[in-house]
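[1] predicted model, plus sequence, below.
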Amino acid sequence: MGDKKKSMQDKVLCKLCKDDCIKKCLEEYVELVNDPKYICKKCGRLANKQKNLCKPVKI
Ligand SMILES: [Zn+2]
């Protein structure tokens, strides 16, 4: 079976919601957003790391 567990760490979270990835990888997603330091000024999404947002702004 193709157990391709894609790491979310290098993904832009803003885009993930489109392919339903957050539901499948909720625990991993939470680890990326549980201590948010950045907000996406385009989408309003929060994330711990700048690279996970499409238009990150430090908060
Ligand atoms: Zn965004």
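    Alright, I've got the coordinates. Residues are numbered from 1 along each chain as shown.

[2] now residue 11: how far from residue 46?
    According to C-beta to C-beta, to the nearest Å, residue 11 and residue 46 sit 15 Å apart. No exception for glycine: its C-beta is placed from N, CA and C like everyone else's.

[3] what's the burial count for residue 9?
    Here the number of neighbours of residue 9 (other C-beta atoms under 10 Å) works out to 11.

[4] now it, what are its backbone angles?
    When quoted as degrees, to the nearest 10, the phi and psi of residue 9 stand at phi -60, psi -30.

[5] what's the nearest residue to it if we skip its chain neighbours?
    Take residue 9 and drop its neighbours on the chain: the residue closest to it by C-beta to C-beta, 6 or more residues apart in numbering is residue 32, 6.8 Å away.

[6] and if you look at residue 37?
    Using C-beta to C-beta, 6+ apart and skipping the chain neighbours, the partner closest in space to residue 37 is residue 48 (5.7 Å).

[7] give me the neighbour count for the one you found.
    As a burial measure, residue 48 scores 16 neighbours (other C-beta under 10 Å).
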